[in-house]
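*Asks:* Here is a sequence together with a model predicted from it:
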Amino acid sequence: MSAYAALSNVLPILGVGAASALAAVAAPSYARFFLNGFRADGEVRQYARSTFLTRQLFRTRTRNGVLLLATLFERKVEVLADIGWDGVRAESMDRLRLAALISLLNGPGPLGASVEVLSFYAALAGQKPVVHGVSVNPADTKQETAAVLYGGAEYILAPYATFAQDKLGVTSAALVYPEGAGQDDAARGQASAFETLGIPINVVSYPPNAPDLTVPLLAADAQNVDLVMPVINTSDCVKFAEAQRQLNIPDEKVLASPVCITPATIEGLGDFPEWIYAVASSLSIDPTDPSVPPYTDILTAQGQEAFIGDPWVLVGFGQVMTLAKFMNGLGEDVTPDGIVEQMKAFGGPLILGSPELDCGKYPEAPGVCNDHTQFYKYNGPDGWEQAGDYYPPPDGWVAPG
């Protein structure tokens, strides 16, 4: 056989093989045709055991560590639980595995993030109470055995509309938020409250990795409305402020959540923007609030002065103290069911929180305990002033489904 004939026979085979290899690299769905299911099961199981040991998940006090390993390529889920789960492991692990499989099928995005939280509740199987401070995830608020003490995002953002109408006299508004970054439901809840009051609102989303926020602000006509509201994550605070200033939007037209009251904002801008800020709790740098001095004294005594201005440390403190109140109310007979009963009956007062509390007020979100928010204006060197006491959502407002 001549060299040409040999090449003419071999090259097509090599070409098909190379093309198949490239296709397998570029298209995981094609590569799965060559995957041996039994070997994949073994490899995933071995990797899970190795990860469990190297991450030392066995070092929990009651040996109740759980590793959930979900592999994107193999589409396999391995749940590895420590001995503390013996006796209840089968049912709970099956639920956890099912939630993880659903997450794999849905892929990345806000739904996938929600399913991750659902997998947490699937592991608990309704047998343990969960006490939250604030939650942006609807999966938390829908749990019968959860208490979101300071409120779910939709429910504590809705009062912005009441404050905007009653205190600021707003007749038009704009709202921008990063799509698929965990703020979608919060933005819908906030926008729907303005719609309930008949206040026109322009709602514009933007990619979470957008480097510049001037485009969404322009799209929302932010320069011409009465009020501009960012429903954003902490990482976007500096970007939003820079875009707002570039477009000459006055600080007093901006109403933001406390996610921007962090050291990262000061590091990026030199100081907090002189916006109006909404908080569903006390503001730890407001000495006129009678609950604040005892709190700051405790942090100072513990050498934690650096965290006094952090609103999330404050919420966490109130969260732990309220759980301690529930447990103290049960005396020596502390049980999960007893804590749930304490949660459902809890009507306040909430330490460093709203004076009005009603856990279970919303049938569609039984975990929500608070739907009131207060407001502060930051005045730079002159400090903070309260712009409005605790406001509820508008009358007739219904959280969007």
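*Replies:* That came in fine, so what should we check first?
*Asks:* now the strands for the stretch 51-200 of the chain?
*Replies:* Per DSSP state E, counting those that start in this stretch, the stretch 51-200 of the chain carries strands over the ranges 66-71, 76-81, 130-132, 146-148, 173-178.
*Asks:* what separates the second one from the chain centre, distance-wise?
*Replies:* What it means is strand 76-81. Distance of strand 76-81 from its chain centroid, counting by C-alpha atoms, centre = their mean, to the nearest Å, is 25 Å.
*Asks:* Sheet-wise, list the partners of that strand with their directions.
*Replies:* strand 66-71 (antiparallel) (DSSP bridges).
*Asks:* and what of the last one?
*Replies:* For strand 173-178, the paired strands and their directions (DSSP bridges) read strand 201-206 (parallel), strand 227-230 (parallel).
*Asks:* where are the low-confidence patches of the protein?
*Replies:* Residue ranges of the chain with pLDDT under 70: 1-38, 61-62, 64, 72-73, 75, 84-120, 122-124, 181-182, 401.
*Asks:* And the contacts of stretch 325-332?
*Replies:* Outside of stretch 325-332, the residues within contact range by C-beta atoms under 8 Å, 6 or more residues apart in numbering are V131, V334, G338, I339, Q342, M343, F346. Where C-beta positions appear, they are placed from N, C-alpha and C, glycine not excepted.
*Asks:* Kindly recompute the last result at 7 Å.
*Replies:* Applying C-beta atoms under 7 Å, 6 or more residues apart in numbering, the external contacts of stretch 325-332 come out as V334, G338, I339, Q342, M343.
*Asks:* My read is that P200 contacts S172, right?
*Replies:* Yes: when contacts are counted by C-beta atoms under 7 Å, P200 is listed as touching S172 (5.2 Å).
*Asks:* So between these two, which is more surrounded?
*Replies:* S172 (15 against 12; other C-beta atoms under 10 Å).
*Asks:* how many other residues sit next to the residue nearest to the more buried one when sequence neighbours are not counted?
*Replies:* Spatial nearest neighbour of S172, chain neighbours left out: V225 (4.3 Å); criterion: C-beta to C-beta, 6 or more residues apart in numbering. Around V225 there are 21 other residues, counting by other C-beta under 10 Å.
*Asks:* okay but V225 is in contact with T171, surely?
*Replies:* No: the criterion here is C-beta under 7 Å, and V225 misses it with T171 at 8.7 Å.
*Asks:* What residues of stretch 259-275 count as buried?
*Replies:* V259, C260, I261, T262, T265, F272, P273, W275 (16 or more other C-beta atoms under 10 Å).
*Asks:* With P381 as the reference, measure out to the closest residue in space to the third one that isn't next to it in sequence.
*Replies:* Once its chain neighbours are removed from consideration, I261 has its nearest residue in P311; the separation is 5.6 Å (C-beta to C-beta, 6+ apart). According to C-beta to C-beta, to the nearest Å, P311 and P381 sit 21 Å apart.
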